[in-house]
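> sequence unavailable; structure follows:
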């Protein structure tokens, strides 16, 4: 409930004298100034109510994963929105996050929640893959709630103007929200001098204006911890999850390596300090009952000393948590792996990509097949499970080279393998080359709504898209379908929930995964991500509605 000092003066004027009224007004005004001046750089603002929505999305032909893999990939917390929420809350605003994907909410159900909350602004995270579905949700919710829409996410860095060409979107965040979002909210409530807001994309007199981002946003240590208190933490899981509650973390931004298929290649590396990382882990364990964390950094082990300090912090505080991370093959050794194991590391995801040395060189991986074999063997002997990332349809790929890669994956005795179809994603070297060579940008046209959803051409290989689809499915069946692997995997499961998840994934891969991705779209069937928490989802949803209703009554 918002209170203005002038209103208080009018209410009390009849019962006290003029002098008393002025003195009371002065006291109230000073109090009001102090409260509403919180983190506003000396400018009085009204606190706003912000509804952030993470919408569900279906399987897409232009994705790198085949459909069944995407179905069982996992339900992850929308970390970007949780950071935006934390930044807004730090500036004194009220925020709700509606994870409609995990809660399996419809647009109507989400609308009802927002109507109870009465937001001044609705926010969405935009990815290029899911741009159109997010736009559909934004249009429906904006029409129902009558609030402006702001979007952010990776897509806006590549296509800032194109992303705002739709009338549904009012504002966009060019890069990160740390500096941009509080400044934007101040101007949205006040004079609307949007040209002063760094990193804001907005519309003015029919033009789309893109403000330069602030260099302050590059300091990842300045970010608050994500607002996990606004998320259904007990509902998240990924395919290898062994413990609950589960969440994800990001402890560094960027990657200085230059793999041709990665959108982060060559970007500035910005890590959070070990103390801040361990503080966040401790908060997850203490406040949210989290017992397993997947660290989503492009290369968690890039700075050895930082990893050692993080491990020492986890061990020193006695935190009951296990975790997974991603690492380059050449960034670990026996001593580091042993310390990581003692600190709770139970899985490492390695980017292997191919068993062909010439192909690895063509993708600028800067690793050798021999290094792969040594590191995987060392990791396994340390007692840490391994997952290998592999790519199908890479530069110079043939049917024979892909079959050799699958055999190589089996010889490594990996605990998990992921075979993805190499795709020219926005901002990758492959994408830049494709746009230059063809003069056509599929992703840009897709965002603008003038291109149909389809698989992108892969001119760097003689294999057709249909062959790559079929060989990718076959790779999964060969790796996960061998009796020896099934026996080893069955012995290692930690719960019935984990066993059920993996068993159903294998059955679906055998009997339901199509050999050609386009076959799925012709069925016009509904895509649903595997959700093992449906009973708890309903309970959480009802509790969430009740809390919003209670908050509404308190506000009245």
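Alright, I've got the coordinates. Predicted model only: the values in this text are computed from it and were never measured.

> what's near enough to touch residue 412?
By C-beta atoms under 8 Å, 6 or more residues apart in numbering, the contact set of residue 412 is 372, 373, 376, 377, 386, 388. In this view, the C-beta of every residue, glycine as well, is placed from N, C-alpha and C.

> what about residue 52, how many neighbours?
Using other C-beta atoms under 10 Å, the number of residues around residue 52 comes to 26.

> so what's it bridging to?
As for beta bridges, residue 52 partners with residue 97, residue 123 under DSSP bridges.

> next one: residue 209
Legend: beta-bridge partners of residue 209 under DSSP bridges are residue 202.

> can I assume it is in contact with residue 199?
No - counting by C-beta atoms under 8 Å, residue 209 stays clear of residue 199, with 11.6 Å between them.

> out of the contacts of residue 412, which comes closest to residue 191?
Closest approach to residue 191 among the contacts of residue 412 (C-beta to C-beta): residue 388, at 54.7 Å.

> got the contact list for residue 409?
Residues in contact with residue 409 (C-beta under 8 Å, 6+ apart) are 352, 355, 388, 390, 417, 475, 479.

> could you redo the last one with a cut-off of 7 Å?
388, 390, 417, 479 (C-beta atoms under 7 Å, 6 or more residues apart in numbering).

> wait, a helix at it?
Yes - counting by DSSP: H, G, I helix; E, B strand; the rest coil, residue 409 is found in a helix.

> before we move on, the earlier item: which among the contacts of residue 412 gets closest to residue 524?
Within the contacts of residue 412, the smallest distance to residue 524 is 34.9 Å, found for residue 388 (C-beta to C-beta).

> that closest one: neighbouring residues, count only.
Other residues near residue 388 come to 24 when the count uses other C-beta under 10 Å.

> paired strands for the helix or strand harbouring it, with orientation please.
Of the helices and strands defined by DSSP states H and E, residue 388 is found in strand 385-392. In the sheet, strand 385-392 lines up against strand 345-353 (parallel), strand 416-421 (parallel) (DSSP bridges).

> what mean pLDDT does the shortest one get?
Right, strand 416-421. Taken as a whole, strand 416-421 has an average pLDDT of 98.

> then stretch 212-225?
86.

> and it, which residues are buried?
213, 214, 217, 220, 223, 225 (16 or more other C-beta atoms under 10 Å).

> can you count the residues close to residue 523?
If you count neighbours by other C-beta under 10 Å, residue 523 ends up with 8.

> distance of it from residue 66?
When distance is defined by C-beta to C-beta, to the nearest Å, residue 523 is 15 Å away from residue 66.

> and residue 255, by the same measure?
Distance from residue 255 to residue 66, by C-beta to C-beta: 26 Å.

> equivalent analysis for residue 181, please.
Distance from residue 181 to residue 66, by C-beta to C-beta: 37 Å.

> now residue 172
Residue 172 is 32 Å from residue 66, by C-beta to C-beta.

> of all pairs in the buried residues of stretch 212-225, which one is the farthest apart?
Using C-beta to C-beta, these span at most 22.2 Å, a distance reached by 213 and 225.

> residue 272 - how many residues pack around it?
Residue crowding around residue 272 was assessed by other C-beta under 10 Å; the count is 24.

> so who does it touch?
With contacts defined as C-beta under 7 Å, 6+ apart, residue 272 is in contact with 220, 221, 251, 252.

> can we see that at 6 Å?
By C-beta atoms under 6 Å, 6 or more residues apart in numbering, the contact list for residue 272 reads 220, 221, 251.

> same deal with residue 327?
Residue 327 makes contacts with 300, 301, 348, as judged by C-beta under 6 Å, 6+ apart.

> likewise residue 156?
Neighbouring residues of residue 156 by C-beta under 6 Å, 6+ apart: 163, 172, 174.

> distance of the second one relative to residue 137?
For residue 172, the distance to residue 137 equals 16 Å [C-beta to C-beta].

> of those two, who's got more company?
Between residue 172 and residue 137, counted using other C-beta under 10 Å, the more crowded position is residue 172 (26 against 23).

> let me know whether that one touches residue 200 as I believe.
No - counting by C-beta atoms under 6 Å, residue 172 does not reach residue 200; the two are 7.5 Å apart.

> residue 172 - that's part of a strand, no?
Yes - membership of residue 172 in a strand is supported by three-state DSSP.

> that one: what's its closest spatial neighbour, skipping adjacent residues?
Leaving aside its chain neighbours, residue 172 sits nearest to residue 201 (3.5 Å; criterion: C-beta to C-beta, 6 or more residues apart in numbering).

> can you check residue 521 too?
Leaving aside its chain neighbours, residue 521 sits nearest to residue 61 (6.3 Å; criterion: C-beta to C-beta, 6+ apart).

> one more: residue 474?
Of all residues not flanking residue 474 in the chain, residue 406 sits nearest, at 7.8 Å (C-beta to C-beta, 6+ apart).

> how deep is the one you found tucked in, by neighbour count?
Counted by other C-beta under 10 Å, the residues lying close to residue 406 total 22.

> where's it, which helix or strand?
Using DSSP H and E, residue 406 maps to helix 399-411.

> before we move on, what about residue 446?
Element membership for residue 446, per DSSP H and E: helix 442-448.

> need the pLDDT of residue 536.
For residue 536, the model assigns a pLDDT of 70.

> next, the contact list for the closest residue to residue 118 other than its chain neighbours, please.
Nearest residue to residue 118, sequence neighbours excluded (C-beta to C-beta, 6+ apart): residue 49, at 6.3 Å. Residues in contact with residue 49 (C-beta under 6 Å, 6+ apart) are 94, 119, 120.

> how about the second one: what's its closest non-neighbour residue?
Same thing as residue 119. Residue nearest to residue 119 in three dimensions, not counting chain neighbours: residue 51, with 3.6 Å by C-beta to C-beta, 6+ apart.
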